[in-house]
Structure formats: C-alpha cells, structure tokens
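Undergrad: Kindly return the folded structure for what I paste below:
(one chain, ligands or ions: 1)
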Amino acid sequence: MKLAHYIGGEFHVNEEEKYLEVINPATSDTIANVPMATLHTLDFAINAAEQAQKIWGQVPAPKRADYLLDIGYKLKEKKEHLARVLTEEMGKVIEEARGEIQEGIDMAFYMAGEGRRLLGETTPSELTDKFAMSVRTPVGVVGLITPWNFPIGVPLLKAFPAIVSGNAVIWKPASETPVIAYEMAKIFDEVGLPKGVVNIVFGSGNEIGTELVQNPHVNVISFTGSTSTGRKVAELGGYHLKKVSLELGGKNAVIVMDDADLDLAVEGIVWSAFGTAGQRCTACSRVIVHEAVADELEQKLVAEIEKLTIGNGLDEANKVGPVINTEALYKIHSYVELAQLDGATLLTGGQILEGDDYDLGCYYAPTLFKNVHPQSRLAQEEIFGPVIGLISVANLEEAVAVNNSVTYGLSSSIYTRDVNTVFRAQRDLDTGIVYVNAGTTGAEVHLPFGGTKGTGNGHRDSGARALELYTEVKSVYIDFSGKLQRAQIDR
Ligand code: NAD
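TA: Here you go, the predicted structure:
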C-alpha cells in the first residue's frame, strides 16, 4: 500500500518524493510505503492550512465541536479496525491498541463539550459604566510533531483542542507509524471536515520537522518525543519566538512501602513496566522498595514476569509485543549489559529473544534487576524497553529522594495503606502525575497530562488546560459612560 499526504482535503502525491518502507515489528513484513515530503509539499500544506483557518476561525465553536462529535462516532465505529492497524504497525498488543483508540474517542467527546465553553473571564471594572472581559481567539496554524509509541492517542490529544479552538493543523507523524495517521485522514475526509482544517504531511524529522518549527506561517508547535529532539525544537522555536509545547521523556518509579498490598503492587508494576513493551513515556522503569519487603516483592515479581506471554500483539493471548525495531532491541540490550558492569544483579530476562517463536520480530525478554544504584545509568536514563530495576530504601524520605533524583518528572506511584504517607508522597513527589495504589500509567483525558523538569517546558496536553496552547487570550474593555475614563487615575 502506497500512502499519500492529506492536504487541503485531498490525498496528495508528489511523484518526485522518495518512499520509505513501513515495517511490522512483530513479523518484519513491509506493510506500506510512506512518502517523505519535500519542502515544496510542506509549503503547499501550510498554505492550505492558512487559507482554511481564515474561515474555520469564524465558524462558531459549538459548530466546530459538532465535527469532533462526528469524528468521535466514526472512531467508535472503526475502533476494532484501527486497533488492528495500530498493532500491526507499532507492535503494542491488541488490548492496549483498543485502549489507545478509546483515548481518541474520549478526547473527541470531551473536546466537543469545550465547544460550548472555551471559557474566558468577566470581571468588574474599576470604573463606572465600563465592562471588562477576556475572550479566547485561535492562534492560527498549529504544527503537531508526534512520536511512534502513541501514534494516534498523542496526536488526537493535540489535534482536537486545536481544532475546536478554531485553528488549522499540520500534523507530521513519526515515520515509523504513518498508516494509522493515513486512516485518520480518511476519517477527517469521511466526516466532511472542511478542507485544509487538518493536513497530514509525512516526512523526516530533520527536514520537515525543522521547517515546521521555523516557518513563519506556523504559529504554534506542539511536540511530543524524545528529550534530545525536544531540546532542538525548543531552541529553534525559541529563536523564532513561537509558542512551543514539549512533552518529552520519563524515568518513572513505583514506590512500594512496607505496609503495601504486595500482590496489588506486583500487578501494577508488571502492567506499567511491560505494557507496550516498556515503550510508554509513563512506563515504570524503577521500583523503589522498602527494605523490609524487598525480598518478598522481588520473588513475587520474578514469578509474575516469567508468566508473561510474549509475541505478536494480534494474538489476544500475548501480553507483551515486540519493540519498535532492531535498533531499539540493541539499545535496550546495551543498557542491560551496562547495568551488569555497574554491579546490578540480573534476576530474569536480559536477552534478545530468538528462535522459532520470535524469528522475524523484535522481541526483548521482560527484564528485572536488583541491587541497582540510584545514580547508575540504568536508574537515570530512559531505556524505552521492558527493563526495570529494584532499588531498596529505608523509609519514605529516602524513597522520595530517589524518585526525585532523575532529570525527568513525568509520572510516579506509591503503594501504601497509610493515609499520612499518601498525602506526604503526593505533596513531595516531583512529577506531573502521581498515582496512589496504581501503577505509573493510566491517565484520563480530562485531567492535564505532562511532567516537570526535563519532561517538558510546563505546558500540558489533555484536560481544559490544553486549550491554553491553542488560544490567544484577548482582554476587552467596553466603556459605555460616554466620557473619557482613565484607569488608575480617575478612581
Ligand atoms: P523522537 O524525538 O525521535 O521523534 C519524535 C518526532 O519528532 C518524530 O515525528 C520525528 O520525526 C520528529 N523529529 C525528529 N527530529 C526532529 C527535528 N530535528 N525537528 C523536529 N522534529 C523532529 O521520539 P520518538 O522516538 O518518536 O518517541 C519516543 C520518545 O517520545 C520517548 O522519549 C518518549 O518518552 C517520548 N514520549 C513522551 C510523551 C509525553 O507525553 N511526555 C508521550 C509519548 C512519547
């Protein structure tokens, strides 16, 4: 299947462009060929977006929201099909793929509601016969640059608030996962979203991503991806004085206290660490355990990890799918080798899976280490694979200090039955998301999503706060006194 860009409401082919193969990581089969846009194609898309936005920005927000409802219903109707496409292209097991499509459905319906709010403020004026308020206006053309690990969930968390706010969108998906974006283009087309409101351009990060960030006709950049790319986007966007939102990497921990329900904690850790083969920004990759329960937790974890079934995500029996490509396999394995050199003890896993069952796919064995030093690279750097390290601590203060000792700040979790511990932990854990008696993943669309420190630059996806990025706030003063009134002077 040859994919095409979606520009100005048309599927667009440029014969001069090169195509890349899209590979199913479970089988190594080629499932599609994706064009790599030229700058000329991107220019064409930016122009289509600019023209469309002039009209779209004038459409009443509740009417814009009606399109989101239609998109939400279409996603619901196609949920199973889309989930299968997602699993084939990205590898996550089908149950999780369904969950990701559901996230898009939830966001469509939630943001459709925002079409009847888009709240500003009304306030009293300090002067008589004067009215004061603030209103939201669209920013213009929004560039979305998104990763392969949540190839539909993340873009829709960004696109829906952008659309309902009256902007036009140019979305550059990751080159590993264009097929699900192409499916989304079909949905925008089927519901009759006005031409040019959403444009999808496939292309390289270095060329098309960079140009989106620096092009003067693109007013906002919403980026999700690695911290190293995010830094480049921030530098370039900053130079061009753009509004840039960055959602970057994580190094998330589960803390298990001595009064925790250990079986519950084990379930939460296994789900958070090995779901999506550890390739979630919120994946648990450190377990900070109270020394009094460390041995028991370790035994229970090993037993559960060794029960995990690994293989093609389309088989409902499998709990862990492949990682995205062979490059990722080798990167994960190099961290495992490094951890051993750093003195960590391998308890289970630690290898690239080969042999008949795994022949052509990119499978890594779910891996657990103990005796991990909190400052070692295994405990500090984002591995983005199915690897966790146990770190023993003596008390809550030490657990919080270890949790906060990384440069990232996305998600954290604590298992305890003590209400005082819960409240202290949620206050002191330096992450954008804190879970209590649940793992490090599982955000819902109506609360803000994002992190502190190296995980981003203070913006949030999801929730009503997402609208901050996609709207300008205009303060409006209406003087109906019929005379000159001077603020701060005529009091
Ligand atoms: P990546 O940084 O390699 O790529 C992300 C996107 O940026 C891709 O579309 C890529 O083509 C583009 N890109 C690459 N170079 C660019 C450049 N110079 N200018 C502009 N765009 C460029 O990340 P990835 O490997 O696709 O995704 C994995 C990373 O994403 C992990 O670090 C993960 O933690 C992070 N992530 C974060 C969140 C979050 O919300 N915090 C969510 C999902 C993933």
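Undergrad: quick check, stretch 130-149 touching the ligand?
TA: Yes: interface with the ligand: stretch 130-149 contributes 145-149 (Cβ under 6 Å from any ligand atom). Heads up, the C-betas are built off the backbone N, CA and C, glycines and all.
Undergrad: Give me the mean pLDDT for stretch 467-477.
TA: Averaged over stretch 467-477, pLDDT sits at 98.
Undergrad: next one: stretch 255-265
TA: On average, stretch 255-265 scores 98.
Undergrad: How about stretch 59-67?
TA: On average, the pLDDT along stretch 59-67 is 98.
Undergrad: what does the protein put close to the ligand?
TA: Going by Cβ under 6 Å from any ligand atom, the residues of the chain near the ligand are 145-150, 154, 172, 174-175, 205-206, 209-210, 213, 224-226, 229, 232-233, 247-250, 281, 382, 384, 410, 455.
Undergrad: how about a cut-off of 5 Å?
TA: Residues of the chain that fall close to the ligand, judged by Cβ under 5 Å from any ligand atom: 145, 147-148, 174, 205, 209-210, 224-226, 229, 232, 247, 249, 281.
Undergrad: hmm, back to that, closest one of the residues of stretch 130-149 next to the ligand to the ligand?
TA: residue 147 (3.0 Å; Cβ to the nearest ligand atom).
Undergrad: quick check, the closest one in a strand?
TA: No: counting by DSSP: H, G, I helix; E, B strand; the rest coil, residue 147 falls outside a strand, being coil.
Undergrad: quick one, phi psi at the closest residue to it other than its chain neighbours?
TA: Closest residue to residue 147 in three dimensions, ignoring its sequence neighbours and counting by Cβ to Cβ, 6 or more residues apart in numbering: residue 225, at 4.7 Å. Dihedral pair for residue 225: phi 170, psi -150, per degrees, to the nearest 10.
Undergrad: Tell me the secondary structure at residue 406.
TA: Strictly by three-state DSSP, residue 406 counts as coil.
Undergrad: For the closest residue to it other than its chain neighbours, the count of nearby residues, please.
TA: By the measure of Cβ to Cβ, 6+ apart, the closest residue to residue 406 outside its immediate chain neighbours is residue 251, 4.3 Å from it. For residue 251, the tally of surrounding residues (other Cβ atoms under 10 Å) stands at 26.
Undergrad: what's residue 251 in contact with, if anything?
TA: Contacts for residue 251 (Cβ atoms under 8 Å, 6 or more residues apart in numbering) come out as 285-286, 379-382, 406-408, 410.
Undergrad: Among these, which ones are in helices?
TA: 379-380 (DSSP state H).
Undergrad: Which two among the contacts of residue 251 are spaced furthest apart?
TA: Greatest spacing in the contacts of residue 251, by Cβ to Cβ: 379 and 410 (15.4 Å).
Undergrad: can you map out the strands along the stretch 301-450 of the chain?
TA: With DSSP state E, counting those that start in this stretch as the criterion, the stretch 301-450 of the chain has strands at 345-348, 367-370, 387-393, 408-409, 411-415, 433-436.
Undergrad: What of the stretch 51-200 of the chain?
TA: Counting by DSSP E, counting those that start in this stretch, the strands of the stretch 51-200 of the chain are 121-124, 130-138, 141-145, 168-172, 198-200.
Undergrad: partners of the third one, with directions?
TA: Neighbouring strands of strand 141-145 in its sheet, by DSSP bridges, are strand 168-172 (parallel), strand 220-224 (parallel).
Undergrad: what number of residues lie near residue 359?
TA: Look at residue 359: counted by other Cβ under 10 Å, it has 11 neighbours.
Undergrad: Revised request: answer the last question for residue 360.
TA: Neighbours of residue 360 (other Cβ under 10 Å): 13.
Undergrad: so what's it scoring on pLDDT?
TA: As predicted, residue 360 sits at a pLDDT of 87.
Undergrad: ditto for residue 357
TA: Looking at residue 357, its pLDDT reads 78.
Undergrad: what's the neighbour count on the closest residue to it other than its chain neighbours?
TA: Counting by Cβ to Cβ, 6+ apart, the nearest residue to residue 357 once its immediate chain neighbours are dropped is residue 311, at 6.2 Å. Using other Cβ under 10 Å, residue 311 is surrounded by 19 other residues.
Undergrad: Likewise for residue 16?
TA: The tally of other residues near residue 16 (other Cβ under 10 Å) stands at 9.
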